[in-house]
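1. coordinates only, sequence not included:
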């Protein structure tokens, strides 16, 4: 059962978007989020949708896959829509039934908020679908590295993220092994109410924690034995370089933002 | 030539312990030698290993590696580059999510220029015959393969000594053979000095020299033949001798005039064949 968990939601194909510098992709995602908040009309959302669709084609990620990211959020989306529809906005009601009043303002706000939320999720999914977790952690480390001047531990953060990624499969395997060992001795993880099930997890979590700490100690010693002494004077195997395509991607994003601004002014 | 590693009257006591884990231990290891350190659990053999690359510093005495004193803090990184170490648990010494990036870890720490790395990674991986797995994820590999990746990670740093701290203890028999074979080949072909810490007698029997550690002291030292000849003494130290040596002793006691220093099955076959020829 634990074998089925994939790491993040990375969709491993080779494409123009996959090959972009992770730093650029992170910055572009932030720009996209800003753009989403600048949209104030349905035409604007149509433009955004067009952009997302084209990007997903360019990234060779199925559009359906992208939309699947919205599924876990369906309750929040519906809730956002309904709350805004019924409880926000003032003015003339367009629809009234018993205690329910819907105003034109409320309706437009409900549509706006839910669309915004959807675009935020889809936009960030584009980042995580096209960037492997290790590239993502590299990107974050490098983007944060100017903060080192203010003693921000950017290198340590990056190292922690990549070690965490490295140990996810190892710890999952171990969880599976402990679970089976405990089940063989009569432990029951699947029946009972929530409280009982949470209690049943104790014999699973305690050995897992003990072994995780031991692994951490071993790993620290192995890293020291291989001359690890923090980020100072360290070189890297993977060096990120801004390519022409990265600049093109930035230009495209700038174009999208201009289009949204222009559309807001004109319409 | 000078000794690669010199241990002079070294004692080591763990912080919370009263009894020293090692007391007054001295030994020398020559360049290109393959030395096995043998001992049962808690004998102090792992402590000795960690003293050899400045992971632990001696409480008393001096450890020098390639002429550098391990207590000299300026030399710590040079010592660890010269004396690479492979640990017991294959999972707990691999840092990166891709094999070649793990091999690069030591190079990154040493500040090797990026352009130089691919070549060094490539030759390290081919020396342990793992180049086909350069882009694999470590968790997809077998235990023996993971240990070979760990060896490549050390090898890329171009050390002159390799210390294996029970590197085969968690592997299955085929993984054990695979790792020992790799280390022996590196010892022969590249002249890398090997300190092989183990509690497997058959592995120790393949070394040039065996150092037997017991209760924090060196109990015996010599070629495998010399050491394993003293079966009763080894048993008194809770150590076994290779199966063939033990079998030869039984047979000798039963009246067969076999040699005393038989270590492997092949030697046993030869010796028995010799006896059969003589009696005909």
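-> Sure thing, it's come through. Please read these numbers as outputs of a predicted model, since none were measured by experiment.
2. stretch A:143-158 near chain B anywhere?
-> No: counting by C-beta under 8 Å from any C-beta of the partner chain, chain B has no neighbours in stretch A:143-158; the shortest distance is 11.1 Å. All C-beta spots, glycine's among them, are computed from the backbone N, C-alpha and C.
3. and that stretch, what's buried?
-> Within stretch A:143-158, the residues that qualify as buried are A:143, A:154, A:155, A:157, A:158, counting by 16 or more other C-beta atoms under 10 Å in any protein chain shown.
4. and stretch B:72-80, by the same measure?
-> Those would be B:75, B:76, B:77, B:78, B:79, B:80, for stretch B:72-80 by 16+ other C-beta under 10 Å.
5. repeat for stretch A:154-170
-> By 16+ other C-beta under 10 Å, the buried positions in stretch A:154-170 come out as A:154-155, A:157-159, A:161-163, A:165-170.
6. what helix or strand is residue A:197 located in?
-> helix A:194-200 (DSSP states H and E).
7. tell me the residues of the stretch 1-150 of chain B that contact chain A?
-> B:53, B:55, B:77, B:80-81, B:84-85, B:87, B:89, B:91-98, B:100-101, B:104-114, B:117-118, B:121, B:137-139.
8. just the ones of the buried residues of stretch B:72-80 in helices?
-> Of the buried residues of stretch B:72-80, the ones assigned to helices by DSSP state H are B:76, B:77, B:78, B:79, B:80.
9. now the residues you listed in TSV, with pLDDT?
-> Output for those, formatted as TSV (pLDDT from 0 to 100):
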residue	pLDDT
B:76	91
B:77	91
B:78	92
B:79	93
B:80	93
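10. count of residues packed around residue B:189?
-> Using other C-beta atoms under 10 Å in any protein chain shown, residue B:189 is surrounded by 9 other residues.
11. now the ones in helices among the buried residues of stretch B:72-80 in a markdown table, with distance to residue A:175?
-> Shown next, in a markdown table, are these (distance: C-beta to C-beta, whole Å):
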| residue | distance to residue A:175 |
| --- | --- |
| B:76 | 37 |
| B:77 | 37 |
| B:78 | 41 |
| B:79 | 38 |
| B:80 | 33 |
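12. so which of the residues you listed comes closest to residue A:39?
-> Nearest to residue A:39 out of these is residue B:77 (C-beta to C-beta; 54.5 Å).
13. contacting residues for the nearest residue to that closest one once chain neighbours are set aside?
-> Closest residue in space to residue B:77, ignoring its immediate chain neighbours: residue A:227 at 5.0 Å, by C-beta to C-beta, 6 or more residues apart in numbering or on different chains. By C-beta atoms under 8 Å, 6 or more residues apart in numbering or on different chains, the contact set of residue A:227 is B:77, B:80, B:81, B:106, B:109, B:110, B:157.
14. my read: the third one touches residue B:111, true?
-> Going back to what we said before, that points to residue B:81. No: in this structure residue B:81 lies outside contact range of residue B:111 using C-beta atoms under 8 Å: 10.9 Å.
15. higher neighbour count, the two?
-> Remark: of residue B:81 and residue B:111, residue B:81 carries more neighbours, 20 against 12, as counted by other C-beta under 10 Å.
16. what residues of the helix or strand encompassing residue A:254 count as buried?
-> Using DSSP H and E, the element containing residue A:254 is helix A:244-266. Buried residues in helix A:244-266, counted by 16+ other C-beta under 10 Å: A:246, A:249, A:250, A:253, A:256, A:259, A:260, A:263.
17. swap in stretch B:232-244?
-> Those would be B:234, B:237, B:239, B:240, B:241, B:242, B:244, for stretch B:232-244 by 16+ other C-beta under 10 Å.
18. out of those, which is nearest to residue B:46?
-> Distance to residue B:46, by C-beta to C-beta, is smallest for residue B:239 among the buried residues of stretch B:232-244, at 15.6 Å.
19. what's the per-residue pLDDT of the spatially closest residue to the closest one that is not a sequence neighbour here?
-> Spatially, and ignoring its direct neighbours in sequence, residue B:239 is nearest to residue B:40 (6.0 Å; C-beta to C-beta, 6+ apart). Here the pLDDT value assigned to residue B:40 is 85.
20. list the contacts of residue B:40.
-> Neighbouring residues of residue B:40 by C-beta under 8 Å, 6+ apart: B:199, B:214, B:237, B:238, B:239.
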